[in-house]
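Q: Quick one: sequence plus predicted model below, questions after.
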Amino acid sequence: MESTNGLVTDAEIKSFFDSAPPLRDRVGNGSARRVVCVTSGGTTVPLEQRCVRYIDNFSSGHRGATSTEGSCQPYCRSLPEDPLLECFEFTNGSNVQGCSSRSPVKTSFYNHFEYLQILQMIAISMRNLGPHAMFYLAAAVSDFYVPWKDMAEHKIQSASGPLDMRLVQAPKMLSVLRKEWAPMAFCISFKLETDSKILLEKADMALKKYKMHMVVANELVTRNEEVIVVTADKKIPVCRDKTQPGSDVENPLIELLVEKHSAHIKDADT
Ligand code: PMT
């Protein structure tokens, strides 16, 4: 019913939404779709605005690719780099959606600025999913970068002699993700170290400091064999099933995380 001046009243809008049938995937109806934002691969730090050179990060993107094999684009890491394959589109819905900072198929990747801005956009757009959203932050994000305003616009000339450049510390975005972007989401960050003596201590620190629900601790040389999932009250070792040829540590890891995410959703609903 329209009000006499042609505009709808607040009461009419409220009445419309109160009486509308609920959306099929709406959060809160028990069967709401879960969405996982997976970040993986390394970010680059450009040295020039019109970038010719950049500092790269070792990460191959394997972790994210393997972790999203149940998604709408599975097994990409096993496929050859072929433009023909990019013509195919997926048709089925999926419970898991991947967002990789470096795709194992395409060799494109994000720089530091792009990665953090895209993460922010995705996180804010997933906020309404509440506890059904999960962030699986396996990307190796640069800890140091050159601020845009301090960066040379054009290619740095080698004739100018040795390069003296100051990199500033990048702010960690985990706190702001937890506090502001998607406060109800289930958040998992990763911690990589080369020194096993400090790994668990650093993972514990990250768990507390950034209020993560879990931190997946891994060592550089054994990262494809075993990881340790650090939670507030437990440290759970997760290993690749060595009796199964070609099995990945991500299989038991994802199983565990799905279970913990279900518990998180249940807790939030009660
Ligand atoms: O790609 P692969 O070769 O398979 O290797 C996988 C991996 C070793 C890269 C992965 O398992 C892993 O451990 N990733 C995290 C590496 C790491 O320790 O990064 P960090 O200490 O810089 O960051 C810790 C966490 O903070 C990460 O979840 C990162 O996404 C986040 N971060 C980092 C920097 C920043 N400015 N903002 C962030 O939010």
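A: Looks like it arrived, so ask away.
Q: Can you list the low-confidence ranges for the protein?
A: Per-residue confidence for the chain (pLDDT under 70) gives these ranges: 1-4, 24-31, 70-109.
Q: Is residue 51 part of a helix or strand, or is it coil?
A: Under the three-state scheme (DSSP: H, G, I helix; E, B strand; the rest coil), residue 51 adopts coil.
Q: my guess is residue 268 is in a helix, correct?
A: Yes - counting by three-state DSSP, residue 268 is found in a helix.
Q: Roughly how far does residue 230 sit from the ligand?
A: 12 Å (Cβ to the nearest ligand atom, to the nearest Å). Quick note: C-beta positions are derived from backbone N, CA and C, even for glycine.
Q: Could the C-alpha coordinates of the longest strand along the chain be exported in PDB?
A: Secondary structure of the chain per DSSP state E: the longest strand is strand 186-193. Coordinates of each C-alpha in strand 186-193 appear next as PDB, following Å, rounded to 0.1, in the frame of the first residue of the first chain:
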ATOM      1  CA  PHE A 186      36.200 -17.800  12.100                       C
ATOM      2  CA  CYS A 187      39.800 -16.700  11.600                       C
ATOM      3  CA  ILE A 188      42.900 -18.800  11.000                       C
ATOM      4  CA  SER A 189      46.300 -17.400  10.400                       C
ATOM      5  CA  PHE A 190      49.500 -19.100   9.600                       C
ATOM      6  CA  LYS A 191      53.000 -18.800  11.100                       C
ATOM      7  CA  LEU A 192      56.100 -19.800   9.300                       C
ATOM      8  CA  GLU A 193      59.500 -20.000  10.900                       C
END
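Q: chain center to it, what's the gap?
A: 10 Å (Cα atoms, centre = their mean, to the nearest Å).
Q: List the buried residues for it?
A: Of the residues in strand 186-193, 186, 187, 188, 189, 190, 191, 192, 193 count as buried by neighbour count, 16 or more other Cβ atoms under 10 Å.
Q: so where do the helices sit in this structure?
A: 10-19, 62-67, 112-126, 174-176, 196-209, 250-269 (DSSP state H).
Q: so who does residue 212 touch?
A: By Cβ atoms under 8 Å, 6 or more residues apart in numbering, the contact list for residue 212 reads 174, 178, 187, 188, 189, 206.
Q: is it true that residue 138 touches residue 62?
A: No - judged on Cβ atoms under 8 Å, residue 138 makes no contact with residue 62 at a distance of 9.4 Å.
Q: and those two? which has more neighbours close in?
A: For residue 138 versus residue 62, neighbours defined as other Cβ atoms under 10 Å are more numerous around residue 138 (25 against 18).
Q: roughly how far apart are that one and residue 206?
A: For residue 138, the distance to residue 206 (Cβ to Cβ, to the nearest Å) stands at 13 Å.
Q: what is in contact with these two at once?
A: By Cβ under 8 Å, 6+ apart, no residue touches both residue 138 and residue 206.
Q: Please identify every residue contacting each of residue 138 and residue 62.
A: residue 40.
Q: ok, back up a step: can I get the helices of the chain in a markdown table with distance to the ligand?
A: Shown next, in a markdown table, are the helices of the chain (distance: least, Cβ to the nearest ligand atom, whole Å):
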| stretch | distance to the ligand |
| --- | --- |
| helix 10-19 | 36 |
| helix 62-67 | 3 |
| helix 112-126 | 7 |
| helix 174-176 | 5 |
| helix 196-209 | 6 |
| helix 250-269 | 9 |
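Q: Deepest-packed of the ones you listed, please.
A: helix 62-67 (a mean of 24; mean count of other Cβ atoms under 10 Å).
Q: other SSEs contacting it?
A: strand 35-39, helix 250-269 (3 or more Cβ pairs under 8 Å, 6 or more residues apart in numbering; DSSP states H and E).
Q: With respect to residue 129, which of those lies nearest?
A: Residue 129 sits nearest to strand 35-39 of all the helices and strands packed on helix 62-67, at 5.7 Å, using Cβ to Cβ.
Q: That concludes my questions; thank you for your assistance.
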